[in-house]
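Enquirer: Provide a 3D model corresponding to the input given below.
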Amino acid sequence: MRFDVITLFPELFAPFLASGITRRAYASGLVDVRLWNPRDYAEGNYRRVDDRPFGGGPGMVMMAPPLERCLAAIRADRAEDVAAPVPVVLFSPIGAPLNHTAVEHWSGSAGAVLLCGRYEGIDQRFIDRYVTVQISLGDFVLSGGEIAALALLDAVARLQPGVLNDAGSHQLDSFNPALDGLLDCPHYTRPEEWQGDVVPAPLLSGHHAQIERWRRDQSLRTTAQHRPDLLTAARAHGKLQTADEALLRSLQGKL
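Expert: Alright, predicted model coming up:
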């Protein structure tokens, strides 16, 4: 898959694409990331990409013409079917929240053009004409779309085959269908005792069924305490078993 990122700050992506375990996805081409600076498609000696907003007010607005020329160059480079171009994604407060279901969708797609806004925003005429999907990281505002684009790229990269050391590692992530959409359980490693705290006995038992039951119980406990809405969704989809419901009843009034 290929992601083309329109950004005024391509240098922000270089260390990310070359660091960490997800670099395998980028180095191998499993996730092909190409960076495009709209300033390269601006006109005039100053390569201006923004201007004052009509109607007055603070800040500057990214201009439509440089973005349009940049997008045209991307589409030409991709040699796309003009009738079915890949989506253009804008990271915006009005977008749908980025969640595991969305990440799974993008991880199996042909990719997209990721548009990183800056300043007060982007000329609405460009958004209306070209943007097909809007995504939000949450109810807060960032200085630009680059952090959101990096979050999407990282989440997509780690789902690609061969990227993680253990191919099944992401199957046990929070929100994953393998966990019925619940939060992950706590994890422990050596030493067995640290500052008076010991690893829970079931994890040391060597009894696989007991370990799995402990992990499931802890996942349910953590979800009930921090994200009860996920339990509601799991119950509505018939994901909770009799033993799960018994544990949850025992926790009522204790969390």
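Enquirer: so how far is whatever helix or strand residue 246 lives in off the chain centroid?
Expert: Secondary structure from DSSP states H and E places residue 246 in helix 242-251. Here helix 242-251 is found 32 Å from its chain centre; the criterion is C-alpha atoms, centre = their mean, to the nearest Å.
Enquirer: which elements pack onto it?
Expert: In terms of contacts (3 or more C-beta pairs under 8 Å, 6 or more residues apart in numbering; DSSP states H and E), helix 242-251 is packed against helix 208-226. To be clear about C-beta, it is placed using only N, CA and C from the backbone, and glycine gets the same treatment.
Enquirer: can we see that at 10 Å?
Expert: For helix 242-251, the elements it packs on are helix 208-226, helix 228-236, judged by 3 or more C-beta pairs under 10 Å, 6 or more residues apart in numbering; DSSP states H and E.
Enquirer: same list (these) but as a markdown table, adding distance to residue 137, mean neighbour count and mean pLDDT.
Expert: Conversion of those to a markdown table gives the following (distance: least, C-beta to C-beta, whole Å; neighbours: other C-beta atoms under 10 Å; pLDDT from 0 to 100):
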| stretch | distance to residue 137 | mean neighbour count | mean pLDDT |
| --- | --- | --- | --- |
| helix 208-226 | 19 | 16 | 96 |
| helix 228-236 | 18 | 14 | 95 |
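Enquirer: would you turn the ones you listed into JSON lines with distance to residue 51?
Expert: Output for the helices and strands packed on helix 242-251, formatted as JSON lines (distance: least, C-beta to C-beta, whole Å):
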{"stretch": "helix 208-226", "distance to residue 51": "45"}
{"stretch": "helix 228-236", "distance to residue 51": "43"}
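Enquirer: where does residue 168 land on pLDDT?
Expert: pLDDT recorded at residue 168 is 53.
Enquirer: can you give me how far the worst-scoring helix or strand of the chain on mean pLDDT is from the chain middle?
Expert: In the chain, the helix or strand scored least confidently by mean pLDDT, DSSP states H and E is helix 23-28, which has a mean of 92. Centroid displacement of helix 23-28 relative to its chain, using C-alpha atoms, centre = their mean, is 17 Å.
Enquirer: pLDDT below threshold where in the protein?
Expert: Residue ranges of the chain with pLDDT under 70: 82, 165-174, 178.
Enquirer: now do the strands in the stretch 1-150 of the chain.
Expert: 2-6, 32-36, 50-51, 61-62, 88-97, 111-115, 133-136 (DSSP state E, counting those that start in this stretch).
Enquirer: what does the fourth one rub up against?
Expert: So the one you mean is strand 61-62. Residues outside strand 61-62 that contact it (C-beta atoms under 10 Å, 6 or more residues apart in numbering): 6, 8, 38, 49-54, 115-124, 126.
Enquirer: of the residues you listed, buried ones?
Expert: 6, 8, 38, 49-50, 115-119, 121-123, 126 (16 or more other C-beta atoms under 10 Å).
Enquirer: let's have the residues you listed in JSON lines, adding distance to residue 203.
Expert: Output for those, formatted as JSON lines (distance: C-beta to C-beta, whole Å):
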{"residue": "6", "distance to residue 203": "47"}
{"residue": "8", "distance to residue 203": "48"}
{"residue": "38", "distance to residue 203": "52"}
{"residue": "49", "distance to residue 203": "55"}
{"residue": "50", "distance to residue 203": "55"}
{"residue": "115", "distance to residue 203": "45"}
{"residue": "116", "distance to residue 203": "43"}
{"residue": "117", "distance to residue 203": "46"}
{"residue": "118", "distance to residue 203": "47"}
{"residue": "119", "distance to residue 203": "51"}
{"residue": "121", "distance to residue 203": "50"}
{"residue": "122", "distance to residue 203": "50"}
{"residue": "123", "distance to residue 203": "56"}
{"residue": "126", "distance to residue 203": "54"}
